[in-house]
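J.: with the sequence up front, the predicted model follows.
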Number of protein chains: 4
Amino acid sequence: MPKLGMQPIRRRQLIQATLEAIDDVGLADATIARIAKRAGVSAGIISHYFGGKDGLLESTMRQILWDLGNAVAQRRARDDVTSPREHLHAIIDGNFDRSQVDKIVMKTWLAFWSVSMHRANLQRLQRVNDRRLYSNICHHFRRCLPRPDAQQAARGLAAMIDGLWLRGALAPQGIDVDRARQLAYDYVEEQLAHATSRTSPNA
Amino acid sequence: MPKLGMQPIRRRQLIQATLEAIDDVGLADATIARIAKRAGVSAGIISHYFGGKDGLLESTMRQILWDLGNAVAQRRARDDVTSPREHLHAIIDGNFDRSQVDKIVMKTWLAFWSVSMHRANLQRLQRVNDRRLYSNICHHFRRCLPRPDAQQAARGLAAMIDGLWLRGALAPQGIDVDRARQLAYDYVEEQLAHATSRTSPNA
Amino acid sequence: MPKLGMQPIRRRQLIQATLEAIDDVGLADATIARIAKRAGVSAGIISHYFGGKDGLLESTMRQILWDLGNAVAQRRARDDVTSPREHLHAIIDGNFDRSQVDKIVMKTWLAFWSVSMHRANLQRLQRVNDRRLYSNICHHFRRCLPRPDAQQAARGLAAMIDGLWLRGALAPQGIDVDRARQLAYDYVEEQLAHATSRTSPNA
Amino acid sequence: MPKLGMQPIRRRQLIQATLEAIDDVGLADATIARIAKRAGVSAGIISHYFGGKDGLLESTMRQILWDLGNAVAQRRARDDVTSPREHLHAIIDGNFDRSQVDKIVMKTWLAFWSVSMHRANLQRLQRVNDRRLYSNICHHFRRCLPRPDAQQAARGLAAMIDGLWLRGALAPQGIDVDRARQLAYDYVEEQLAHATSRTSPNA
DNA sequence: AATGAATGAGTCTTCATTCAT
DNA sequence: CATGAATGAAGACTCATTCAT
């Protein structure tokens, strides 16, 4: 059974099993035993690869943060993304991308939001992500809005995105991605409209 | 010896202690023992008054839901609240009111959002609240917007409110109520602006 | 079942059960489950009363140290104990007293000697006891010997006592108390003999 | 590829690593993983060479017993060791020899004293050593003392040696070899003094 | 010969709950 | 009404051992 280089394979397996377990029974009941069973391995291996449950949770959170960052980055890397509007749309699209795992990830996110308030390491991760979303948005609003307006717009859009996400996660029928995206687009449009009337017409 | 009417007193004590415990160590570590100690009573009494930990949590959630509903209702009951805009502002104000317990309540809310996904009873409570916020908002947008626009505006405003709340809860420096409220007001204004140009001028 | 003031009763029960378990299977295998079963209580209660296994072990060690100190003190408190020789004999007698539990205590002592090297709290207890034995002995030798001789004699007698104890603990047939005591008496006699020839004849 | 004669090399490596681990963290925490890491090999190899942890511990104990026996034997093999006194001094010197590994060995010894009470195989080894010390000593006292006196003297000297060892092992500053040896010499002298006055003048 | 992977039994601990007083 | 005692299941974690490579 034991082959070489299992570590990355197992780590991925276990993180995936963690996401599924959280989706299934919630973070509070996502015990090591359950996660291990779902991954088809023994419980002891988790401590072996992650040093303990905390390590597993942190790695899981890192994973979904990285996935999100990656989704956004990919959208923004496309050639046709140049204007502030396009960049902001790319950010929105990245935040509402994430195909089939969406439901799982949203639940996990919700769970982490809650626990991160009381765990320094998770809090740090979570905060970096928060600031990144805000900074990205703010940066592009800045290209066509005066600083205070850009900051306010960025706060609004970030809240809108997170709020849509949150309500989507809580809604029994799940999130309606197109509708959510449209609401975010609309919000961007409103903000840019103010800009247009005052500064540049081709935001 | 048996004091009369201890029940409501004890229940309030224990719910308050629960909120404080969640604020302090998080829901996961808010054990019955800790809550009881904070309330200055023995652990056994919780099962006596609430039938168990689940009952206590449900009662606690009911409490904060009721407080929220109450805050909104009070704002809307004022004589000068008549127009859609005034009503929507009242709803916003209600959601961002809640003086000194704010931080505690926000943390608790966050915790309940997470666990309610996996507990039927909490989920029901949470959903009622969600729908109430949406319905209230939608109802007033309907007075000056066509149904689809009103629904979309309501979804947007609800998301905005929850998003501001969420980010406020997560932010280390807490929420900036005035700024949050202003963002929500602005959002309302944008939606009503569309209405004005098409339907009624006195939204 | 639950009566008031069980704490001291349970603590004594559990310490006794710990001694018996160590005597039975050794410290390494004296698990909480085994100790609890022997005491006829559930395993959880140990953490409840002692805060954990470490607390139980420390309390157990304190107990046997206190018992030893007490045995010595009682001997020395007798009216007819006045001369250095009598005091030293009382110390020896105290160290070799301890009736029926002797075998159990000796094994526990041996176990604690070993683990105390790597646990700060136990090491402290153990060291206090070591120094107490030496100081007591030294003090009485000082009454009839010059300081360097008294110190050397004290080191010798302390070593003799501990060595007899150790070998008694290890011997399959247990310790022969009378023989051990006689050897210690003899050692005292030799030391005092040197004193006699040089200083006081009525040591 | 398979190197020839690895067995004795590996065994010595692992035994040495075991001693160091016990010195470092105590027998209870001297896990196979730790020992293996210290030896710079994989954990699996221990079972391969020693059949399991028990085998390793037994081999380790055999090693230190053999080292002790060897130290004594070397002292006694010297040409100028002929009289009982010289032999007894050689035994004492052997027991307090053991240069640089002293502290490590003393700790290990202490640990084994404790566990050997509950492990048949270790107990046997330990007992052989005990009896050897006693027999050696007794044999030489017999050359100048009547049997009962010789036996008693042997018990006393053995206890003295072990006691000095024990207290040396427990003392934070370690053992003072010269002082310990002097105390043992003195004890021998006292015993032989009795002999001189009664039996042979050239003990 | 040697390793890293993996297991599963066993340990300590926590915690909601029950119960006699 | 209220307490403190007590339980027992469940949790995370450790560790000696086995096995395929």
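T.: Received, thanks. Numbering: from 1, shown residues only, chains lettered A, B, ... in the order given.
J.: for chain A, what lies in contact range of DNA strand E?
T.: By CB under 7 Å from any atom of the strand, the residues of chain A that approach DNA strand E are A:1-7, A:10, A:40-45, A:48. To be clear about C-beta, it is placed using only N, CA and C from the backbone, and glycine gets the same treatment.
J.: is any part of the helix or strand containing A:A159 close to chain B?
T.: Assigned by DSSP states H and E, A:A159 belongs to helix A:147-170. Yes. Among the residues of helix A:147-170, A:152, A:155-156, A:158-167, A:169-170 lie within reach of chain B under CB under 8 Å from any CB of the partner chain.
J.: who wins for most neighbours among those?
T.: Neighbour counts for the residues of helix A:147-170 next to chain B (other CB atoms under 10 Å in any protein chain shown) peak at A:L164, which has 29 neighbours.
J.: quick one: residues contacting that residue.
T.: By CB atoms under 8 Å, 6 or more residues apart in numbering or on different chains, the contact set of A:L164 is A:96, A:175, A:180, A:183-184, B:159, B:163.
J.: kindly export the particular helix or strand that has A:Q126 in it (C-alpha atoms) in CSV.
T.: Assigned by DSSP H and E, A:Q126 falls within helix A:120-141. Output of helix A:120-141 as CSV, limited to C-alpha atoms (Å, rounded to 0.1, in the frame of the first residue of the first chain):
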residue,chain,number,x,y,z
ALA,A,120,-5.8,33.7,15.7
ASN,A,121,-4.5,31.7,12.8
LEU,A,122,-7.7,31.5,10.9
GLN,A,123,-8.5,35.1,11.7
ARG,A,124,-5.3,36.1,10.0
LEU,A,125,-6.1,34.2,6.9
GLN,A,126,-9.6,35.5,6.8
ARG,A,127,-8.5,39.1,7.2
VAL,A,128,-6.0,38.9,4.5
ASN,A,129,-8.7,37.8,2.1
ASP,A,130,-11.1,40.5,3.3
ARG,A,131,-8.5,43.2,2.7
ARG,A,132,-7.5,41.7,-0.7
LEU,A,133,-11.1,41.9,-1.9
TYR,A,134,-11.5,45.5,-0.7
SER,A,135,-8.1,46.6,-2.0
ASN,A,136,-8.7,45.1,-5.4
ILE,A,137,-12.0,46.8,-5.8
CYS,A,138,-10.8,50.1,-4.4
HIS,A,139,-7.9,50.2,-6.7
HIS,A,140,-10.1,50.1,-9.8
PHE,A,141,-12.7,52.5,-8.5
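J.: contacts for that helix, please.
T.: So helix A:120-141 is in contact with A:54, A:57-58, A:61-62, A:65, A:68-69, A:72, A:84, A:87-88, A:91, A:95, A:112-113, A:115-117, A:149-151, A:153-155, A:157-158, A:161-162, A:191, B:167, B:170-172, going by CB under 8 Å, 6+ apart.
J.: ramachandran coordinates for A:V41?
T.: A:V41 adopts backbone torsions of phi -130, psi 180, taken as degrees, to the nearest 10.
J.: is it correct that it is in contact with A:M6?
T.: No. Between A:V41 and A:M6 there is no contact under CB atoms under 8 Å: 10.1 Å.
J.: looking at the two, which has the bigger crowd around it?
T.: Shown here are A:V41 and A:M6; by other CB under 10 Å, A:V41 has more neighbours (17 against 13).
J.: list the contacts for that one?
T.: A:10, A:13-14.
J.: let's go with 10 Å and repeat that
T.: Residues near A:V41 by CB atoms under 10 Å, 6 or more residues apart in numbering or on different chains: A:10, A:13-14, A:17, A:35, A:48-49.
J.: and if you look at A:D24?
T.: A:D24 sits next to A:30, A:34, A:38, A:104, A:107, B:118 when contact means CB under 10 Å, 6+ apart.
J.: for the nearest residue to A:G26 once chain neighbours are set aside, phi and psi?
T.: Distances taken as CB to CB, 6 or more residues apart in numbering or on different chains put B:H118 closest to A:G26, at 3.7 Å, once the chain neighbours are dropped. When quoted as degrees, to the nearest 10, the phi and psi of B:H118 stand at phi -120, psi 10.
J.: could you report the pLDDT at A:P201?
T.: For A:P201, the model assigns a pLDDT of 44.
J.: again, but for A:D102
T.: pLDDT, read off for A:D102, is 74.
J.: and what of the one 5 residues further on?
T.: Turning to A:K107, the model gives it a pLDDT of 89.
J.: isn't it right up against A:T18?
T.: No. Using CB atoms under 10 Å, A:K107 is not in contact with A:T18, being 11.6 Å away.
J.: if you count what's nearby, which of the two comes out ahead?
T.: Ranked by neighbour count (other CB under 10 Å), A:K107 and A:T18 place A:T18 first, with 27 against 21.
J.: near A:A90, how many other residues are there?
T.: 23.
J.: wait, does the helix or strand that contains it contact chain B?
T.: For A:A90, the host element (DSSP H and E) is helix A:84-96. No. Helix A:84-96 is not in contact with chain B by CB under 10 Å from any CB of the partner chain; minimum separation 11.8 Å.
J.: give the contact list for the residue nearest in space to the middle of chain A.
T.: Residue closest to the average C-alpha location in chain A (CA atoms, centre = their mean): A:L68, at 4.4 Å. Residues counted as contacts of A:L68 (CB under 10 Å, 6+ apart) are A:94-95, A:97-98, A:105, A:109, A:129, A:132-133.
J.: write the ChimeraX selection for whichever of the residues you listed are buried.
T.: Buried residues among these (16 or more other CB atoms under 10 Å in any protein chain shown), as a ChimeraX selection:
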select /A:94,95,97,98,105,109,129,133
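J.: neighbours of A:L65, how many?
T.: Other residues within reach of A:L65, judged by other CB under 10 Å, total 17.
J.: ignore what I typed, I meant A:G69.
T.: 16.
J.: one more: A:K37?
T.: A:K37 has 14 nearby residues by other CB under 10 Å.
J.: chain neighbours aside, what residue packs nearest to it?
T.: That would be A:A43: by CB to CB, 6+ apart, it lies 8.0 Å from A:K37.
J.: count of neighbours near that neighbour?
T.: By other CB under 10 Å, 14 other residues sit near A:A43.
J.: that one reaches A:Y49, doesn't it?
T.: No. Proximity of A:A43 to A:Y49 does not meet the contact threshold set by CB under 10 Å, at 11.7 Å.
J.: report pLDDT for A:M61.
T.: Reported pLDDT for A:M61: 95.
J.: please indicate which of the contacts of A:L164 are buried?
T.: A:96, A:175, A:180, A:183-184, B:159, B:163.
J.: ok, back up a step: the residue nearest to A:G26: how many residues sit nearby?
T.: 18.
J.: any idea how far it lies from chain D?
T.: Distance, B:H118 to chain D, using CB to the nearest CB, to the nearest Å: 38 Å.
J.: quick one, domains of chain A?
T.: Following the TED database, one gets these domains for chain A: A:1-51, A:53-199.
J.: so, in contact with DNA strand F or not, the last one?
T.: Yes. In this structure, domain A:53-199 sits against DNA strand F according to CB under 7 Å from any atom of the strand; the contacting residues are A:53-54.
J.: the closest residue to A:A39 other than its chain neighbours: which element?
T.: Spatial nearest neighbour of A:A39, excluding adjacent residues (CB to CB, 6+ apart): A:A17 at 3.7 Å. Using DSSP H and E, the element containing A:A17 is helix A:6-25.
J.: could you point out the helix or strand that follows that helix?
T.: Going down the chain from helix A:6-25, the next helix or strand is helix A:32-39, by DSSP H and E.
J.: buried ones in that next one?
T.: A:32, A:34-36, A:38-39.
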